[in-house]
Structures are given as C-alpha cells and as structure tokens.
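In: Structure for this input, please:
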Amino acid sequence: MNTFIHLATASLLMMFISPWVFAQTPAQGDGIVTLGGQVIDSACGLEATTSDQTIEMVPEPIGRLLRHARGVIQPFQLRLVNCSLSRPDPSRPDANLPDWQHLRVTFDGPRDREGRSFAVFGGSQGVALHITDAAGQESVPGVPMALYPLAEGDMTLHYTLRLVGNGLPMAAGSHSVAVKFKLEYF
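Out: Numbers count the residues shown, from 1 in each chain. The predicted structure follows:
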C-alpha cells in the first residue's frame with residue numbers, strides 16, 4: 001500500500017510568459033509578451049525541493065492498522081531559506097514596517113474523519129492521512145496551525161504523516177492524496 005502526498009505551495013512567486021505573434025504581417029522582431037503573476041510580501045523563500053514533494057510511504061499491513069488504528073510515522077520537512085525579519089515599507093523610502101515575528105502553516109485538501117484528517121483516494125479503504133507538527137499539534141484540513149516563531153536565515157519545519165483508520169472496513173490497495181499548504185507571515 002503506497003501513499004503519495006503532493007504538497008503544493010501558495011507562497012511562491014509565479015510568473016507566466018507567453019509570446020503571441022500575429023500571422024497577418026510576418027514582421028521580424030514584432031510580437032507581444034503577456035506577463036501575469038503575483039508579487040507577495042514574504043519573510044522567507046521556500047527551498048525549491050520542498051515546494052513540490054512526492055512522499056512515498058512504506059506499505060502498511062492491514063493487521064497492524066487494525067491493531068493500532070494508525071500506521072507508521074513518515075517524516076517530511078518544509079525548508080525555509082533566506083528568512084529576513086525586517087520589512088521595508090514600499091510606500092515610504094527609508095522606512096520600515098514592524099518586523100516579521102511569526103509564521104503560520106495551513107494544510108488543506110479533501111477531508112475525512114469528520115474533517116479531522118485528509119481523505120485518500122484509490123483502491124484502499126478504511127484509512128485517512130493525518131499530519132502532525134514537531135510539537136505534536138495535529139493539522140486539521142483548512143485550519144491554520146499555531147503560530148511558529150520566525151528566525152533570521154534558514155529554518156526547517158518538521159512534520160510527520162501517518163495513516164489512521166477512518167471507521168470504514170479496511171481493504172488493501174494503493175492510494176494517494178494531494179495536500180496543499182499555505183505559509184503566512186505576521
């Protein structure tokens with residue numbers, strides 16, 4: 001039974017470039033470039049290898065899940081890089097806004113176990129995916145987790161995944177789930 005989790009971030013600067021060249025008059029060097037994107041105010045960058053992750057969990061025997069109602073812990077990390085606590089004020093040169101102090105992470109995706117865990121899809125049945133931070137706080141889909149203090153430089157946020165029973169009869173098979181995450185700075 002393999003579990004794949006795909007984490008997608010809402011905290012990256014995205015820019016799309018698509019050239020349009022009109023076929024009416026094939027002039028050399030003429031064209032239109034359309035840019036779209038989003039500029040965000042962010043204290044940290046997200047390491048490229050952590051913005052999109054595929055995590056393959058070890059196969060879980062149904063017997064273990066039935067006995068313990070939860071699977072083996074699988075760690076994963078979000079690595080924040082180049083964190084800067086100072087915030088220049090874009091509307092006033094040589095002025096600063098209050099420093100960044102905290103970070104909040106929200107995981108979101110399909111819900112199971114009355115909204116307490118993430119639903120998995122595929123051939124298996126009777127399991128959901130659960131995320132916990134290093135302090136033991138459980139992630140609830142769509143609900144922001146507790147504030148985490150920001151530090152200058154690089155930071156690594158540690159989490160664990162595990163399968164949990166969802167009350168339905170268990171059936172063997174593979175499954176997957178896509179979980180998004182959002183980083184907010186305060």
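In: Which strands or helices does the longest helix along the chain pack on?
Out: For the chain, the helix with the greatest residue count under DSSP state H is helix 62-68. Counting contacts by 3 or more CB pairs under 8 Å, 6 or more residues apart in numbering; DSSP states H and E, helix 62-68 is packed against strand 153-165. Where you see a C-beta, it was placed from the backbone N, CA and C, and this is true even at glycine.
In: Touching the strand it packs on from outside, list them.
Out: With CB atoms under 8 Å, 6 or more residues apart in numbering as the contact definition, strand 153-165 has outside contacts at 3, 5, 44, 55, 57, 60, 65-66, 69-83, 103, 105, 113, 117, 120, 126-134, 139, 148.
In: In helices, which of those fall?
Out: The members of the contacts of strand 153-165 that map onto helices under DSSP H are 65-66.
In: Can you tell me which of the contacts of strand 153-165 are buried?
Out: Neighbour counting with 16 or more other CB atoms under 10 Å marks 3, 5, 44, 57, 60, 65, 71-72, 74, 76, 78-80, 83, 103, 105, 113, 117, 120, 126-133, 139, 148 as buried within these.
In: Could you list which of those residues belong to strands?
Out: If you go by DSSP state E, the buried ones among the contacts of strand 153-165 have 3, 5, 74, 76, 78-80, 83, 103, 105, 117, 127-133, 148 in strands.
In: Contacts only, for Gln125.
Out: Gln125 makes contact with 168-171, 173, according to CB under 8 Å, 6+ apart.
In: I'd like the average pLDDT over the longest helix of the chain.
Out: Helix 62-68 shows an average pLDDT of 91 in the prediction.
In: Please spell out which residues along it are buried.
Out: Leu65.
In: now Ala95, nearest residue through space, not along the chain?
Out: In this structure, Ala95 finds its nearest non-sequential neighbour in Asp89, 4.3 Å apart by CB to CB, 6 or more residues apart in numbering.
In: ok, the one you found touching Asn96?
Out: Yes. With contact defined as CB atoms under 8 Å, Asp89 and Asn96 form a contacting pair (5.9 Å).
In: Spatially nearest residue to Glu184, not counting backbone neighbours?
Out: Once flanking residues are discounted, Glu184 sits nearest to Arg104: 4.6 Å by CB to CB, 6+ apart.
In: What distance do you get for the one you found to Pro90?
Out: 23 Å (CB to CB, to the nearest Å).
In: Of these two, which one has the most company?
Out: Arg104 (14 against 10; other CB atoms under 10 Å).
In: Would you mind listing the residues in contact with that one?
Out: By CB under 8 Å, 6+ apart, the residues touching Arg104 are 144-148, 183-186.
In: Please read off the pLDDT at it from the model.
Out: Predicted confidence (pLDDT) at Arg104: the value is 96.
In: now it: how far from Gly63?
Out: On the measure of CB to CB, Arg104 and Gly63 end up 38 Å apart.
In: do the same with Thr54
Out: 27 Å.
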